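Enquirer: Fold the following for me, if possible:
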Amino acid sequence: MLSVKGLPFFLLVVLVSSQSDDIPDKVQTLLTLLYAVNIEVRGLLDVTNSRCPCLDDVTLIGNETFQDVQCYETKVEVFRNDLRATITFVEGLKNDSSTACPERTGSLLVASCDSPVVSEVDPNGAVQNGFEATTNISGWTVGPFTNDSFEYDYFSNNPFVLRCRLIPDGPEVILANSSVAPLAPSASGTGIAYFAPTNEIYVAITHPDNAASNGIYAFNRTSFPNVRLVFPYSGETGSIYISGSYVYMLSNQTVLRIQDGETAWSTVVVWSLPPIAFAVQDSGNLLFCEDSGALYLYEPDGAIYRQLKQPVAGESCSSIAVGPDGSTIYYAVQGSNMIEVFNTSAPTAPPSTLEIATDSPCPILLLDPRNP
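Expert: Numbering: from 1, shown residues only. Predicted coordinates:
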């Protein structure tokens, strides 16, 4: 507990606040002011020592012997002692700030298909407050972002609705729903990704009653509702991922890809079991997780498979996400509140773990795009 005698320092500090939102910067601003006050107090003691020194040693405070407690110089000495204790305390705050209260950028966000609540885990594994969407999230992606905020876009089904929200504390708008042409009432979203070159949200959609209308649709973010079919696909659509100029899509056991200007999908790999989720590294390598709980890395050049996680009885993958460094892989388990973290640069190393606030039967991962 800080001494009441220390209050004048904080009254001084609030008059000159740091313009930065970074906690270490704010604490350093506080320390700079306290150091300046300390210098002035030392100067004051130099003057009192020559003009009005206390004559008798009568009081022991801590490890220091002070003069007469009613003496002016003694009062200044006690004030200086409190100040130095305050400086030591604030220096500790600065040293602890990066771990005790880390930046929230770069956090892992965890949604659930059965709840609108979104959990948030910061880069050091601490659970943050999170936030709540308007409805349950069936799939989501990160849109445009700045250092201060980012947009996420998500869809829900039955009926299909695509929404956009700004984080933190921004408004949420509906970009389109299944009543907007060329969609049909039966539309069901299966995958979502942000396509930066056209500033559109791509959503893979299946129409159970009309396979000819299946494919990837582009949703305009700035003029809505405005929907167009960009990549038709006659089969069953699945989750999608954008890497480079290619749009990748999972369809049952097959991962396909296509890019602007092409009219036919090309096969990247056919898996032995239908993957639950997949992701693509910048190198073009693919990551898969499946119902057995296994996690694999596939290198198309050479058709090489690497197993990052072995199957676990009773455990099934729910979602995976690739960190901004390209090698960190986040793996969510169905019905669990634990997130496993793998590193493809060290594929034999055991994973670390992060813990979210509550269990979810279907956790869906997303990364805050702002690097920590």
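Enquirer: how about the helices in the stretch 1-150 of the chain?
Expert: Under the criterion DSSP state H, counting those that start in this stretch, helices of the stretch 1-150 of the chain are mapped to 7-13, 23-51, 72-100.
Enquirer: Dump the ones you listed to TSV, plus mean neighbour count, distance to Asn136 and mean pLDDT.
Expert: All C-beta atoms are positioned from the backbone trio N, CA, C, and that covers glycine. Conversion of these to TSV gives the following (neighbours: other C-beta atoms under 10 Å; distance: least, C-beta to C-beta, whole Å; pLDDT from 0 to 100):
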stretch	mean neighbour count	distance to Asn136	mean pLDDT
helix 7-13	14	45	46
helix 23-51	15	34	85
helix 72-100	16	33	81
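Enquirer: Present the ones you listed as CSV; the columns should include distance to Ser283.
Expert: Below are those laid out as CSV (distance: least, C-beta to C-beta, whole Å):
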stretch, distance to Ser283
helix 7-13, 49
helix 23-51, 35
helix 72-100, 31
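Enquirer: Among those helices, single out whichever gets nearest to Glu200.
Expert: helix 23-51 (36.6 Å; C-beta to C-beta).
Enquirer: where does the stretch 251-372 of the chain have low pLDDT?
Expert: For the stretch 251-372 of the chain, the stretches with pLDDT under 70 are 357, 371-372.
Enquirer: hmm, try it at 90
Expert: Per-residue confidence for the stretch 251-372 of the chain (pLDDT under 90) gives these ranges: 260-261, 263, 271-274, 281-285, 290-294, 296-318, 322-329, 332-372.
Enquirer: What about the closest residue to Ile240 other than its chain neighbours, how many residues nearby?
Expert: Leaving aside its chain neighbours, Ile240 sits nearest to Gly191 (3.6 Å; criterion: C-beta to C-beta, 6 or more residues apart in numbering). For Gly191, the neighbour count with other C-beta atoms under 10 Å is 25.
Enquirer: could you check the distance from the closest residue to Thr134 other than its chain neighbours over to Cys164?
Expert: Nearest non-adjacent residue to Thr134, counting by C-beta to C-beta, 6+ apart: Glu172, 5.8 Å away. To Cys164, Glu172 is 7 Å away according to C-beta to C-beta, to the nearest Å.
Enquirer: Comparing these two, which shows the higher neighbour count?
Expert: Comparing Glu172 with Cys164 by other C-beta under 10 Å, the one with more neighbours is Cys164, at 19 against 12.
Enquirer: Run through the bridge partners of that one.
Expert: Note on Cys164: beta-bridge partners by DSSP bridges are Asp153, Val173.
Enquirer: Start at 44, not 1
Expert: That works, and once the first residue is 44, the last one we named lands at Cys207.
Enquirer: what's the spacing between it and Trp183?
Expert: In terms of C-beta to C-beta, Cys207 sits 10 Å off from Trp183.
Enquirer: Can you work out which residues contact both of these two?
Expert: Contact criterion C-beta atoms under 8 Å, 6 or more residues apart in numbering; residues shared by Cys207 and Trp183: Tyr195, Asp196.
Enquirer: circling back: correct me if wrong: the residue nearest to Ile283 contacts Leu293.
Expert: Yes. Applying C-beta atoms under 8 Å, one finds Gly234 in contact with Leu293, separated by 7.3 Å.
Enquirer: Can you tell me how far the most centrally placed residue in the chain is from Ile399?
Expert: Central residue of the chain (C-alpha atoms, centre = their mean): Ser150, 2.1 Å from the mean position. For Ser150, the distance to Ile399 (C-beta to C-beta) stands at 11 Å.
Enquirer: who touches both of these two?
Expert: Common contact partners of Ser150 and Ile399 (C-beta under 8 Å, 6+ apart): Val164.
Enquirer: domain parsing for this structure?
Expert: Per automatic domain parsing, the structural domains of the chain span 47-142, 151-410.
Enquirer: looking at these, which is buried most?
Expert: Greatest average neighbour count among the domains of the chain goes to domain 151-410 (a mean of 17), per mean count of other C-beta atoms under 10 Å.
Enquirer: Look at it and report the distance between its end residues.
Expert: End-to-end distance of domain 151-410 (C-alpha to C-alpha, to the nearest Å): 5 Å.
Enquirer: just how off-centre is that domain within its chain?
Expert: Distance, stretch centre to chain centre, for domain 151-410: 15 Å (C-alpha atoms, centre = their mean, to the nearest Å).
Enquirer: coming back round to it: overlap in contacts, Gly234 and Leu293.
Expert: Joint contacts of Gly234 and Leu293 (C-beta under 8 Å, 6+ apart) are Gly281, Ser282, Ile283.
Enquirer: Out of those residues, list just those in strands.
Expert: Among the shared contacts of Gly234 and Leu293, the residues falling in strands (DSSP state E) are Ile283.
Enquirer: ok, the shared contacts of Gly234 and Leu293 vs Pro159, which is closest?
Expert: When the shared contacts of Gly234 and Leu293 are compared for distance to Pro159 (C-beta to C-beta), Ser282 wins out at 20.5 Å.
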